[in-house]
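Engineer: return atomic coordinates for the entry below.
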Amino acid sequence: MENKERLQEYHYDDYKVVTNFETYEDAVQYATETGGEMVEIGFVDGSDNPLADDTAQLMKIKKPFRVGLDPEYTVYYSEDEGFQEMAQNILEEMKELEDDTLPEDWIDDQNIATGDRIIIVKDGEINTVTTRERIKYLMRGNLYEIAVKLPN
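Structural biologist: You can find the predicted model right below:
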């Protein structure tokens, strides 16, 4: 695993969970290296601390995260077919609207992994381009992640 700086820890009485893995394989590798246990967690109901939650079935689908939003929203993840084309179209539209020569700065952030980006669509229109972390706060959505549980 290359980028351990991005990982976040949440401490409890007898254990901690490590989250924010870029890929499912990164989580597996980290669990193997540390002797930790892979678990599924969720930031639900506006909580800042994760709770055990396997709603998204992340281990089954081998994905590092998924978001849960109201049914009127459709979520496109960066690994989805057509995502890059959709993102490019958004950038071009933003550039035209703002007459900005560097619109990629609006989506591209050095601290955000490419795999963290998502596009939210509502009623066939792009609602927002965001990241997994921002989904909790901007849209009051649920965030489900793969985590590694370790003793304190």
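Engineer: mind pulling up the pLDDT for the residue lying closest to L69 once chain neighbours are set aside?
Structural biologist: Nearest non-adjacent residue to L69, counting by Cβ to Cβ, 6 or more residues apart in numbering: G141, 4.5 Å away. Heads up, the C-betas are built off the backbone N, CA and C, glycines and all. In the prediction, the pLDDT value recorded for G141 is 86.
Engineer: ditto for I90
Structural biologist: In this prediction I90 is given a pLDDT of 77.
Engineer: wait, is it part of a helix?
Structural biologist: Yes - I90: assigned to a helix according to DSSP: H, G, I helix; E, B strand; the rest coil.
Engineer: pretty sure it sits against T128.
Structural biologist: No - under the criterion of Cβ atoms under 8 Å, I90 is not in contact with T128, lying 9.9 Å apart.
Engineer: sheet-wise, list the partners of the strand or helix carrying I118 with their directions.
Structural biologist: Counting by DSSP states H and E, the element that carries I118 is strand 117-122. Each strand that strand 117-122 pairs with, and the sense of that pairing, follows from DSSP bridges: strand 73-77 (antiparallel), strand 125-131 (antiparallel).
Engineer: where do the strands sit along this structure?
Structural biologist: 8-11, 15-19, 37-43, 51-52, 65-68, 73-77, 117-122, 125-131, 142-151 (DSSP state E).
Engineer: packing partners for the last one?
Structural biologist: Contacts defined by 3 or more Cβ pairs under 8 Å, 6 or more residues apart in numbering; DSSP states H and E place strand 142-151 against strand 15-19, helix 24-34, strand 37-43, helix 58-61, strand 65-68, helix 132-138.
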